[in-house]
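1. build me a model from this:
(chains A and B)
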Amino acid sequence: MSKPKVGFFDFASCEGCQIELTNYGDAAFVELLNHIDIVEFREAMTETAEHLTIACIEGSFTREADRGRLENIRERSDIVIAYGACASTAGVNALKNHQKDFRKDVYGEDRNMPHLYSNDRAVPISEVIKVDYNVYGCPMDKYEFLDIVSHLVHGKEPVIPNHPVCIECKHNETICRYFEGDHCLGPVARAGCRAPCPADGIPCEACRGFVDNPNEEAMEKVLIKKGKLPEARAKHKSRIFTAFCRSDA
Amino acid sequence: MNKYFIKAQDFETFVTKLVEAKQVIGPVAKKSRFVFEKLKNSKELRLDYDVTVLPPKKEFFPTCQPIVKFEGDKFEGCVNVEEKILFGVHFYDIKALDMTDLLYNENHRDINYMAHREAATIVGSNVQNIAERAFFGTVGVHVKPKGHDAFLTKIDDGYLFETYTDKGEALVSFGTFTKAKKEHESNALDVNNRVMGKCPEVLDYVGYESVANKVRKAFNNTAFWEDCAKDCFSCGSCNIVCPTCYCFDVQDNWNVDQVSGTRTRKWDGCLTEDFAKISLGFGAQENFREKRGDRFRHRIMRKTTYLNAKLGGPACVGCGRCSMSCTSDIADPVNVINKIMEV
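-> Sure, this is the predicted structure:
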């Protein structure tokens, strides 16, 4: 079996997921290179490739000017993996879709720069081209990325969880945040991270996006009743990472 | 076998000696709840616990259990069986373990579960504090706890310690026990009988067969099940915390060398959306319990009817864990069954 030719591409993101890739440590990353050929990686090399077995795309699609580049990647690739929250769900970038005050708050004196006035929305890569697999999370989980790539190397279908984070908290015997008088988005958040945040006493913010069919109405009720959040906050609570996943996106 | 008495002041020494000599798993405090954990010393033991987050089944079948290591075509089982004493198990969990013993032992015998189970000594203890959603006083009361090795009941000035097997009897040598007197026995009987009437939740209809019949008749009442499941997150918490649930999922994962790896099994639950998703081949899929109501109904059917013939009673012991773990508070079997019985 010849080694899969793999390319890495970045769009609107903090590039933190690339950092996460390097967090395997030298030995493991070099070991991975025995099984894949990296043929395109803007941050690390100048070469480009005509054909890719797997294209790994980081970041959201946030401006129309990027459409051609994305379509070109799709045309050259057998498999497209969107990795990280920005690429898979539009992540925090999608916050800009429903608010305008960011120009003043973020850019201050420079708020009148013309490109800030585009009406382009931040959307996941799958809104523009066909995406075969998503690696969710902010940042993505390097082990999940490895697991998905490993399955593809072996010609197997990766299994990506479609159940809420609650199940992983139960596996860990983590005391539910709601039992501790806190709130949590775990009941609608896609599992797969092994629930480290609630285990450390921090509510889940659903950085991996929602499960396929989140019960948003029930979540709002629980945030108000058990989480004791004011109505307005409960309604918008999940926007941080899942603004594009919500039914009102 | 035998009935012994141990004075309150001698009890801690007994537990200390056990912990020094053996691997002892008992209820310990974790934040606002309790969990079964390996005891480091006797002070950690909290026999006054109400209910643990997960049932003691996890000691025989961990929630995420590596079962096979493979390297290329070679593979080897990797479950290490250790002798352990499960200390302070409430009677409802003993009943549930007896059910999972039967279920994992029949047909395709689960060698991993059974090996752990057979290497364990189970010491029960009476319920000193009752969980806020417990209803063990009115569900499957005719099904008696069995399969354990010894049972401890806190009475006025000490504990009655009843042994049922050689494994249970062997523990007596670790403490200062005397032969129990008639009054110790009657006091213990009274303590264990009294707790049955103290549950905060009550099934209005005790006859489990009439409940089973009525629940079965409600099978096609789709509107009822959809309404029950309106606020369901399909999170499977009710399944995972249930002492009688026994489903799991198996996955293979390669190591970075792409040659070696691990086969792991994890507790799974029929409330999750993908549980009943199956492959039709050729990339096609089907989900035979696609709606929340379908999945909610399935759980109630499993707990009240489907397994009754096999288990001799409902597959529910009234621990109340599902009700406590359900964020939307819709999982409580008492509410569902009482509602069905009212119609």
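2. which residues touch residue A:39?
-> A:5, A:6, A:7, A:47, A:48, A:49, A:52 (C-beta atoms under 8 Å, 6 or more residues apart in numbering or on different chains). Heads up, the C-betas are built off the backbone N, CA and C, glycines and all.
3. ok, for it, nearest residue in space, not its chain neighbours?
-> Excluding the flanking residues, the one nearest residue A:39 by C-beta to C-beta, 6 or more residues apart in numbering or on different chains is residue A:49, at 3.9 Å.
4. what helix or strand is that neighbour on?
-> Counting by DSSP states H and E, there is no helix or strand that carries residue A:49.
5. repeat that for the one 4 residues further on.
-> When elements are assigned from DSSP H and E, residue A:53 belongs to strand A:52-58.
6. check residue B:253 too.
-> With DSSP H and E as the test, residue B:253 turns up in strand B:248-254.
7. one step back: and of the contacts of residue A:39, the nearest to chain B?
-> residue A:6 (13.5 Å; C-beta to the nearest C-beta).
8. which strands border the helix or strand harbouring that closest one, and is each parallel or antiparallel?
-> Assigned by DSSP H and E, residue A:6 belongs to strand A:5-10. With DSSP bridges as the test, strand A:5-10 is paired with strand A:37-41 (parallel), strand A:52-58 (parallel).
9. contact partners of it?
-> Strand A:5-10 is contacted from outside by A:18, A:36-43, A:49, A:51-59, A:73, A:77, A:149, using C-beta under 8 Å, 6+ apart.
10. which among the contacts of residue A:39 count as buried?
-> When burial is judged by neighbour count using 16 or more other C-beta atoms under 10 Å in any protein chain shown, the buried members of these are A:5, A:6, A:7, A:49, A:52.
11. roughly how far does the third one sit from residue A:83?
-> Spelled out, it's residue A:7. 12 Å (C-beta to C-beta, to the nearest Å).
12. report the contact partners of residue A:121.
-> Contacts of residue A:121 were listed using C-beta under 8 Å, 6+ apart, and they are A:62, A:94, A:96, A:97.
13. from those residues, pick the one nearest chain B.
-> residue A:94 (22.4 Å).
14. give me the buried entries from the contacts of strand A:5-10.
-> So, by 16+ other C-beta under 10 Å, the buried ones in those are A:18, A:36, A:38-41, A:49, A:52-59, A:73, A:77, A:149.
15. per-domain residue ranges of chain A.
-> Following automatic domain parsing, one finds the domains of chain A at A:5-153, A:166-242.
16. confidence-wise, which of those is weakest overall?
-> The minimum mean pLDDT among the domains of chain A belongs to domain A:5-153 (a mean of 90).
17. okay, now it: how far is its last residue from its first?
-> By C-alpha to C-alpha, to the nearest Å, the extent of domain A:5-153 from end to end equals 11 Å.
18. what's the spacing between it and its chain's center?
-> Here domain A:5-153 is found 9 Å from its chain centre; the criterion is C-alpha atoms, centre = their mean, to the nearest Å.
19. then stretch B:140-153?
-> 13 Å.
20. give me the residue from the stretch 51-200 of chain B nearest chain A.
-> Going by C-beta to the nearest C-beta, chain A is nearest to residue B:63 of the stretch 51-200 of chain B, at 4.1 Å.
21. list the contacts of residue 42.
-> No chain in the question, so chain A it is. Listed by C-beta under 8 Å, 6+ apart, the contact partners of residue A:42 are A:8, A:9, A:10.
22. wait, chain B
-> Neighbouring residues of residue B:42 by C-beta under 8 Å, 6+ apart: B:12, B:15, B:16, B:19.
23. which stretches of chain B form strands?
-> For chain B, applying DSSP state E gives strands covering B:2-7, B:24-30, B:33-38, B:64-71, B:74-77, B:84-89, B:120-125, B:150-155, B:158-163, B:178-179, B:248-254, B:260-267, B:277-281, B:284-287.
24. the second one pairs with which strands?
-> What it means is strand B:24-30. Partners of strand B:24-30 in its sheet, by DSSP bridges: strand B:33-38 (antiparallel), strand B:84-89 (parallel).
25. right, I'll leave it there.
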